[in-house]
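give me a 3D structure for the following:
(6 chains)
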There are 6 protein chains.
Amino acid sequence: MSAPRIHVINPNSNETVTRGIDDAVAALRFPGGPEIVCTTLKEGPIGIETQEHVDGVAIPLRRIVEADNASGAFVIACYSDPGLHVCREGTSRPVFGIAECGVLTALSRAERFGVIAIKQRSIARHIRYLRQMGLTDRLAGERPLELSVAESASDGTLPKMIEVGRALKEQDGAGAIVMGCAGMARHRKPLEEALGIPVIDPTQAAVTMALGTLQVAR
Amino acid sequence: MSAPRIHVINPNSNETVTRGIDDAVAALRFPGGPEIVCTTLKEGPIGIETQEHVDGVAIPLRRIVEADNASGAFVIACYSDPGLHVCREGTSRPVFGIAECGVLTALSRAERFGVIAIKQRSIARHIRYLRQMGLTDRLAGERPLELSVAESASDGTLPKMIEVGRALKEQDGAGAIVMGCAGMARHRKPLEEALGIPVIDPTQAAVTMALGTLQVAR
Amino acid sequence: MSAPRIHVINPNSNETVTRGIDDAVAALRFPGGPEIVCTTLKEGPIGIETQEHVDGVAIPLRRIVEADNASGAFVIACYSDPGLHVCREGTSRPVFGIAECGVLTALSRAERFGVIAIKQRSIARHIRYLRQMGLTDRLAGERPLELSVAESASDGTLPKMIEVGRALKEQDGAGAIVMGCAGMARHRKPLEEALGIPVIDPTQAAVTMALGTLQVAR
Amino acid sequence: MSAPRIHVINPNSNETVTRGIDDAVAALRFPGGPEIVCTTLKEGPIGIETQEHVDGVAIPLRRIVEADNASGAFVIACYSDPGLHVCREGTSRPVFGIAECGVLTALSRAERFGVIAIKQRSIARHIRYLRQMGLTDRLAGERPLELSVAESASDGTLPKMIEVGRALKEQDGAGAIVMGCAGMARHRKPLEEALGIPVIDPTQAAVTMALGTLQVAR
Amino acid sequence: MSAPRIHVINPNSNETVTRGIDDAVAALRFPGGPEIVCTTLKEGPIGIETQEHVDGVAIPLRRIVEADNASGAFVIACYSDPGLHVCREGTSRPVFGIAECGVLTALSRAERFGVIAIKQRSIARHIRYLRQMGLTDRLAGERPLELSVAESASDGTLPKMIEVGRALKEQDGAGAIVMGCAGMARHRKPLEEALGIPVIDPTQAAVTMALGTLQVAR
Amino acid sequence: MSAPRIHVINPNSNETVTRGIDDAVAALRFPGGPEIVCTTLKEGPIGIETQEHVDGVAIPLRRIVEADNASGAFVIACYSDPGLHVCREGTSRPVFGIAECGVLTALSRAERFGVIAIKQRSIARHIRYLRQMGLTDRLAGERPLELSVAESASDGTLPKMIEVGRALKEQDGAGAIVMGCAGMARHRKPLEEALGIPVIDPTQAAVTMALGTLQVAR
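A predicted model of the protein is given here:
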C-alpha cells in the first residue's frame, strides 16, 4: 500500500545539517527496507530559531508533502515540529515530527526525561508544545546550551552538552535525555557514555517510527 | 556495545500466541539488522487475564532477562506490561513494554487514541496503568471485545473488532486504535482498512522501538 | 506609551465578516477611548476552515502587525487564533487572540463552558489548542453547527445555534457558551436570551481586553 | 437589559484603599460608558489578611449585591475573591472577582505568570484557589512582599515590588505579573517599566471585563 | 496532648439530622477511646442547600471551634465542608471535613468513586470543591437524588438511592460510592448490600480519621 | 458480616519491624474493637528496598490473604504497597496499603504534604505510584534519609529525620509529613513536636481506616 520510502525533510536551508541527518539515519537503512531520503527545504531559513522561522516553513513543507507521491512516510526534522499538523491534513500517509517522536521515545526509556535546547528562548515554545501534546507530566526539565545552530555543529559543543546533560540528570532528575535539535546526532553516543543514561536523537527516533509503520503496512 | 538481538518474551505459556507474535514481527527482520527472537514463558499462565497473572510472571520475567546475556534489548509482549519495571531494574539494556509502546506510537499518529481490550475487567487495570504513565490526556476511550484470549485467536474476531473499533472512532472520537493484546497482529491490516484510521499492533510498535535503539547504538 | 488604537484583523478575506466584526465591536467605541479599526487580510482565504488556512495566514498577519506603528494593540479575529505567537514575537505591543480571550472570559462567568463550532472537523484543532493553553479542565463540551462559514452568516442559523447551545447546557452541563467563530456576533443576544446563560462573542471579549490594556497604560 | 453601572466593592473597611481603587479604574470611565462606583464594606476588617477575614465578609457582600438593583455588574475588589460564589448565586447579573480576572488577563499576555502577594501566609490560600479554578498549569510562581496592607500603601513599597517581580521573572520564568492585592494599582506602571513585562492590576482587569459585558449587552 | 474527645458539629439546625449522625458514629465509640460528641449549630439553616447556607455557617463554626477547649479534634458534618479552612486557621487541633474524608476514604477502596448528591444544584459546587482538593482524577461521576434534605430522611429514599447508585456503578464505572450528605448513614449498609460495592458514609469516614489521629497522639 | 479482625502483614521478614508495627498500632486496639494481628511474611526479604523486592512479595501476600478467612480486613505494611491490587482481586474484604492510606490521611491534614523516604532510589518508584493514584497535585516533595532499613531502626535516625522533615517543611512547603516506611512509628511523636506540623505514620493511618471500615460494617 504505502511506498517503501521515508522522506526526511530538513526545514532549514543548511545543507550541512541535512548531511548530518543523513548520516544519523544511515543505521536505519536496510537491504530490503525502506529507502530513506533526506532533503533540504531550499526556502527555509539557515536555522529555525524563532516562531517566525517555525511558522514560515509550515506551508512550504505542506507543498513538499503534497508534491511527493513517491514516499510512504514523512519526517519533519526540526525540534519545533513546524507544519506537523498542516502536513498531516494534506495526506493520508503518516507524518512524524522529531520533537514528538523524541519525547515519546524518551518516555519508553525512563521515568522522567530532560531536554537539551540550543537556545534559552526556544524553551517556552517547547514547553507550550509539550503541553499541547499532553506530555508534561514526566518532564524533568529543559536547559539551554546557548549556542547558535552553527556553533552547535562544531566539535566544541560536546563538553557543553555533557555539562547541561549532567545538570538535567543530577539536579532535575532526568533518567533520559532528548537532544532538542536535528543537528546533534553525532554527539548522541559520546553524550550517552558520559552521562550513563539513554540519550535520544529525535530524528533517529522519528525515522525509527516511520520505518516500523511502513514495514508493518506491507 | 549492545548485542544485535531483540528478545521478545511472551509472558503467557501459549505457543500459538508466541507464533503469532513471531509472524507479526517478521517484517522487522532485515539482513544486517538485529535478530528478533520470540520465546514463551513456560511457567506463565495460558493467558494473562487477571492481576494475579500479571504479578505472577514479574519475577520469572526478571530471571529470563538476567539470564540472557546474548540480547541487546527486550520486549515484554503482553498488554499489561507485566514485570516491566522489575526487568528494567535488573539490566542496563533497554526493556520495552508493548502497552507503553503501543500507546506512545498511537500518540504519534492521532490527536486521540482508542484501545480495544479483550475483556471488560482489564480496562480498569489498563486505565490505572495509563494514569501511572501520565498519558491519559489523549485517551478517547477503551472498549472490550469480551472474548477469551483463545477466542480472540479465532477468525471470528475480526467483525467484532471492527464493531468495537468503529464505536471508538465514531462515538469516542479516536483517531487511532491500539489493539490491546499481543495476539491480534494478523487483524491489524484488515481492521485498519475497515476503520480508515491507523491501527497499532503494540508488539510491532515495541519491536520497532527496540530495533531503532539497537541500530543507533552501534 | 501605547497609541490609543486597536487594530482588529479579520484573517479571512470576507469583507462581510469584517463588517460584522465592525458592528460587533461598535459598542466598545467611546468618546475619548481607543479607536477600533477592523481590517481584512486581503490574501486570506474566504473562510478559515482548515489547518492550511490557519497556517497560511500566520506570516501575513505578522507582516501586518510589523507594518502598523499606529496601533497600540492587535486582535486576531478568527477562532483558531492563527499567527498569535508569531505576531506576539514581532512586537512588544499586546496581541490578543479571540479564541483565547473568548475562553478566558467564559471562565469568569461560569463553572464550565461550552463552545459552538461551525464545523465538526475544527473541534479536534480547538481541543488541541485548549490543551496547549492549559485550559481544558473546565470545558463542558464543544459541538458543531455543521454549517459553512457562509451559511453561518445567514439568518437561518439562529435556531440551529439555540439547538446546539441547549445541548451544551443541558446535556454537557455548560454554564456559559462561547461562539466559536468571529462572524456570529449578531446572534449573541438572542442566543443568550433563548438559553438563559451567558453567551460570549469572542471578538467582543478580545477587544474588551485590548481596550482595558490600552486605557490603563495611558 | 442590564443597568449601565458597575459596582466595585472593596470588602475591607479601609477608605484609603477604596479611593485607590477609584483612581485605578478612572481610566475605564467613558462618556456614554457605564458608571463605575466604588464603595467600602463598612463592616469589613481593615484589611483582608486571613481566612477569617475572607469568610467573614462573604454574606455581607451578598447582602450588598442583593440590595443594589441599580448596578448591572459587580466587582469584588479583594485578591481572595471573598464571597464570589455566594454573590453569584444571589443575582443573575455578572459578578467578577479580581483574583480570577487578574489571572485570566495575565493568561492573555504571557505563557506563564507570576503573582506578587502581600504576605507569605496568603500564598497557600491563593494556590488552593488557583487549583479550584483549574488554572495552575501556567503559574510560574508566587512570592510575597511580606508587607502589611498598610505598608503596601506607602511609597517605599515599589522597590520591594521590583525586587520580588524580578525574582518572579528571572528565577521563576514569569512572562507577566499579577499584583495580588487591590491596593497596588498606582505601582502598576512603574513596575511594568522596571520589569519590562506586562503587569496586571487585578481590579482594572475585572472592571474591564465588567465593562465589556455591560456594553455588549446593550 | 490532645484531649480525648471528638466534637462532631452538624452545621444545620435540624436535630433529627444530629441524632442520625450520633447513631452513625456510635460504632466508633469504644471503652477507653475518645468521647464522640455530636452537636447542632443552632443558628444554622434547617438544611445546607445553597452557597449562602454554606458561607453563612463558616464564621459560626469557627466560633464553636475556638470556644471548645475540651475537644481534641473536630468534624464538620456537612458534605459541603463549610468553614473547613477558617476553622483550621483558628486552632492547631485537627479539623476534618466529611466531604474531604469521604472522598479520601473512597479512594482507599476503589479505582474510581461515585457520589450520590441530594440535589442537582449541589453538584457543580461539589465538583468545584473536588477540583480545589486536586482529587478529580478518579471521580466516576456524581448524580443527584433530587430529594429535599427532609425527604432524604424518610424511608422511601433507599430505593431511589439504589437506583442512583446503580447508575453510578454500571453507567459511570464507580467502584465505590460516597453518600454526599451527613444524614444518610442508616442507608449505608442496605445500599452497600444492594450494589455490591463499598458505600462510604462520609461522617463515619471523618470520625474514623479523627479517632485515629487522637489515639496515635496519646 | 466481616470478622472483627484486622490482619497487618509486614511483607519483609524482619521480626523487629513487625514488633515495631505491633507497638505502633497498639493505641488502636480497643475493648470490643477489632483484634489487630501483625504478622511477618516469612519468605519476604529482610527489607523491601528494590522493585524486585516489591514484585517478589506480591503473590506470597495474595496467598496469605486467600488463606486467612478469620480476618475482616488486611493492611499491607510496606510503603511501596506491594501486591495491593492482586490482594484486592483475591478477596471481597478490604485491603489497605500503607502508602495509599498515609498519603490520603496527609491530605486531610494539610494543603501540601512531604514524604520522608529511606533511600533516594525509592523516590522515583514512589512518585510513579503517586501518579498512578492520581494524587500528585498536592505533593510538596519527597526527600531521602539515605539510611538502610536497619539503620532506620536505630535511635540515631531521629535527628536525621528532623533535618529532612525541616527541609520538606521550609524549603518545599509541606504542611504535613508522611513517614515513608513501616518501621518509623516510634519517631512520629518526637518528629511532630520538632517540626510543629502533623506527622503521619502510614501504618497507623491504614489500620485506622481498616478499623473504621470494620466497625461501621457491623
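
any idea how far the helix or strand where A:Met209 lies is from the middle of the chain?
A:Met209 is part of helix A:202-217, with elements assigned from DSSP states H and E. Centroid separation between helix A:202-217 and its chain, computed with C-alpha atoms, centre = their mean, to the nearest Å, is 13 Å.

say whether chain B is contacted by it.
Yes. Contact between helix A:202-217 and chain B, assessed by C-beta under 8 Å from any C-beta of the partner chain, occurs at A:204-205, A:207-209, A:211-213, A:215-217. (C-beta placed from N, C-alpha, C; glycine too.)

and for A:Arg218, the neighbour number?
11 (other C-beta atoms under 10 Å in any protein chain shown).

now do the contacts for the nearest residue to it once chain neighbours are set aside.
For A:Arg218, the nearest residue in space outside its immediate sequence neighbours is B:Ala27; the separation is 6.0 Å by C-beta to C-beta, 6 or more residues apart in numbering or on different chains. For B:Ala27, the contact set (C-beta atoms under 8 Å, 6 or more residues apart in numbering or on different chains) comprises A:215-216, A:218, B:204.

now the buried members of these.
Among the contacts of B:Ala27, those scoring as buried are A:215-216, B:204 (criterion: 16 or more other C-beta atoms under 10 Å in any protein chain shown).

would you list those in CSV and tack on pLDDT and distance to chain E?
Formatted as CSV, these follow (pLDDT from 0 to 100; distance: C-beta to the nearest C-beta, whole Å):
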residue, pLDDT, distance to chain E
A:Gln215, 94, 37
A:Val216, 92, 33
B:Gln204, 98, 29
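
in JSON lines, list these along with distance to D:Gly175.
As requested, those are arranged in JSON lines below (distance: C-beta to C-beta, whole Å):
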{"residue": "A:Gln215", "distance to D:Gly175": "44"}
{"residue": "A:Val216", "distance to D:Gly175": "44"}
{"residue": "B:Gln204", "distance to D:Gly175": "43"}
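
closest one to chain F out of those, please.
Using C-beta to the nearest C-beta, the shortest approach to chain F within these belongs to B:Gln204, at 26.1 Å.

not counting sequence-adjacent ones, nearest residue to that closest one?
Closest residue to B:Gln204 in three dimensions, ignoring its sequence neighbours and counting by C-beta to C-beta, 6+ apart: A:Val216, at 4.7 Å.

same thing with A:Glu52?
In space, A:Glu52 comes closest to C:Val86 once its chain neighbours are excluded; the distance is 5.4 Å by C-beta to C-beta, 6+ apart.

in which helix or strand does that neighbour reside?
Taking DSSP H and E as the definition, one finds C:Val86 inside helix C:84-89.

so what touches the very next helix or strand once past that helix?
Past helix C:84-89, heading to the C-terminal end, the next element that is a helix or strand (DSSP H and E) is strand C:95-97. Counting by C-beta under 8 Å, 6+ apart, strand C:95-97 makes contact with C:65, C:73-76, C:81, C:84, C:87-88, C:206-207, C:209-210, D:108, all of which sit outside it.

one more pass at 6 Å, please.
C:74-76, C:81, C:84, C:87-88, C:206, C:209-210, D:108 (C-beta atoms under 6 Å, 6 or more residues apart in numbering or on different chains).

centre of the chain to it, how far?
Taking mean C-alpha positions (C-alpha atoms, centre = their mean), strand C:95-97 and its chain are 9 Å apart.

show me what contacts A:Pro60?
If you count contacts by C-beta under 6 Å, 6+ apart, then A:Pro60 has A:41, A:43 around it.

tell me the SS of it?
For A:Pro60, the assignment made with DSSP: H, G, I helix; E, B strand; the rest coil gives helix.

helices or strands next to the helix holding A:Met209 in the packing?
Of the remaining helices and strands, those touching helix A:202-217 by 3 or more C-beta pairs under 6 Å, 6 or more residues apart in numbering or on different chains; DSSP states H and E are helix A:15-24, strand A:73-76, strand A:95-97, helix A:98-107, helix B:202-217.

residue of chain A closest to chain D, please.
With distances taken as C-beta to the nearest C-beta, chain A approaches chain D most closely at A:Ala124, which sits 4.9 Å away.

correct me if wrong: that residue contacts D:Arg112.
No. In this structure A:Ala124 lies outside contact range of D:Arg112 using C-beta atoms under 6 Å: 7.6 Å.

more neighbours: which of the two?
D:Arg112 (21 against 17).

tell me which residues touch the closest residue to the more buried one other than its chain neighbours, please.
In space, D:Arg112 comes closest to D:Ala140 once its chain neighbours are excluded; the distance is 4.0 Å by C-beta to C-beta, 6+ apart. Contacts for D:Ala140 were tallied using C-beta under 6 Å, 6+ apart; they are D:112, D:114, D:172-174.

any stretches of chain A with poor pLDDT?
Applying pLDDT under 70 to chain A picks out residues A:1-3, A:148-154.

chain D contacts on that one?
Counting by C-beta under 6 Å from any C-beta of the partner chain, chain A comes close to chain D at A:Ala124.

smallest gap between chain A and chain F, at which residue?
A:Glu111 (4.9 Å).

over to that residue. Which of the three states is it?
Classification of A:Glu111 using three-state DSSP returns coil.

follow-up on the earlier one: C-alpha coordinates for the helix holding C:Val86, PDB please?
In PDB, the C-alpha atoms belonging to helix C:84-89 read as follows (Å, rounded to 0.1, in the frame of the first residue of the first chain):
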ATOM      1  CA  LEU C  84      -0.900  34.600  17.600                       C
ATOM      2  CA  HIS C  85       2.500  33.600  18.800                       C
ATOM      3  CA  VAL C  86       4.400  34.800  15.700                       C
ATOM      4  CA  CYS C  87       2.700  38.100  15.900                       C
ATOM      5  CA  ARG C  88       3.500  38.400  19.600                       C
ATOM      6  CA  GLU C  89       7.100  37.700  18.800                       C
END
